[in-house]
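In: No sequence on hand, only this structure:
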């Protein structure tokens with residue numbers, strides 16, 4: 001009996017025990033043996049416990065903000081009143097209302113290490129680390145059988161002239177000449193009208 005009464009939302013174990021003690025119903029009996037008058041009495045006490053000798057400190061909504069009375073809410077009345085209380089806090093722009101609006105803790109708990117789920121608190125992890133040789137998503141894959149360029153060497157420009165025979169090879173890691181630019185030969189003389197640069201002597 002006491003387990004069955006306490007299954008009602010808003011009625012705890014102690015409150016169910018107080019109801020059965022007041023109505024003088026055996027707590028260890030089965031619910032199926034209740035008479036219709038006993039069921040009505042239990043419902044009446046659940047809806048209005050202040051009508052019997054249950055003290056006011058036993059109730060779950062004392063000094064209601066609308067009526068000012070001591071009430072005890074059961075079943076769907078609990079969710080309805082809690083929702084109205086939160087909306088009232090938000091409409092009055094109170095601090096509790098702001099905390100409810102942003103989904104943060106309202107009762108002064110710490111937020112440094114807890115309550116981090118679902119909000120924008122903490123550090124977000126970046127993208128996935130690709131394995132070596134993998135092509136990132138959206139990038140074009142290299143042509144099949146194409147030779148890989150040397151490490152650190154820049155690719156030659158399209159249509160660039162080949163270096164003259166006997167010309168010194170470019171330094172390792174040096175950039176290739178621009179498109180359409182001819183590479184000067186090793187023995188080329190300077191242009192007319194410009195004096196040749198003299199090399200400093202030791």
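Out: Right, received. Where do you want to start? If you're wondering where the values come from, they're calculated on a predicted model, not measured in any experiment.

In: which parts of the helix or strand where residue 87 lies are buried?
Out: Using DSSP states H and E, residue 87 sits in helix 76-91. By neighbour count with 16 or more other CB atoms under 10 Å, helix 76-91 contains the buried residues 81, 89. For the C-beta atoms, the positions are set from N, CA and C on the backbone; glycine is no exception.

In: what about the closest residue to residue 22 other than its chain neighbours, distance to residue 45?
Out: Counting by CB to CB, 6 or more residues apart in numbering, residue 52 is the residue found nearest to residue 22 once chain neighbours are left out, at 5.4 Å. Per CB to CB, to the nearest Å, residue 52 is found 6 Å from residue 45.

In: Looking at these two, which has the bigger crowd around it?
Out: Neighbour totals were compared for residue 52 and residue 45, and residue 45 leads with 22 against 13 (other CB atoms under 10 Å).

In: SS state for that one?
Out: At residue 45, secondary structure determined by DSSP: H, G, I helix; E, B strand; the rest coil is helix.

In: Just the pLDDT at it, thanks.
Out: Residue 45 carries a pLDDT value of 92.

In: Now name the helix or strand holding the nearest residue to it once chain neighbours are set aside.
Out: Nearest in space to residue 45, with sequence neighbours left out and distances taken as CB to CB, 6+ apart, is residue 19 at 5.1 Å. If you go by DSSP H and E, residue 19 is part of helix 13-23.

In: hmm, who's touching that helix?
Out: By CB atoms under 8 Å, 6 or more residues apart in numbering, the surrounding residues in contact with helix 13-23 are 1-2, 5-6, 11, 26-27, 38, 41-42, 45-46, 49, 52-54, 58.

In: picking that back up, quick one: neighbours of the residue nearest to residue 45, just the number.
Out: By the criterion of other CB under 10 Å, residue 19 has 21 neighbours.

In: likewise residue 15?
Out: Residue 15, neighbours per other CB under 10 Å, totals 22.

In: how close does it get to residue 25?
Out: Using CB to CB, we find residue 15 at a distance of 14 Å from residue 25.

In: residues contacting residue 42?
Out: 5, 19, 23, 25, 34.

In: The first one against residue 12, yeah?
Out: No - using CB atoms under 8 Å, residue 5 makes no contact with residue 12, being 9.8 Å away.

In: what about the two, which has more around it?
Out: When residue 5 and residue 12 are compared for neighbours, residue 5 comes out ahead with 21 against 13, by other CB under 10 Å.

In: where does the protein have low pLDDT?
Out: Along the chain, the model assigns pLDDT under 70 to residues 119-128, 136-198, 202.

In: where exactly do the helices run in it?
Out: Listed in chain order, the helices of the chain (DSSP state H) span 2-6, 13-23, 36-47, 76-91, 95-101.

In: what comes into contact with the fourth one?
Out: The reference is to helix 76-91. Identification of contacts with helix 76-91 by CB under 8 Å, 6+ apart yields 9-10, 60-61, 65, 73, 96-97, 100-101.

In: which residues touch residue 5?
Out: Counting by CB under 8 Å, 6+ apart, residue 5 touches 11, 16, 19-20, 42.
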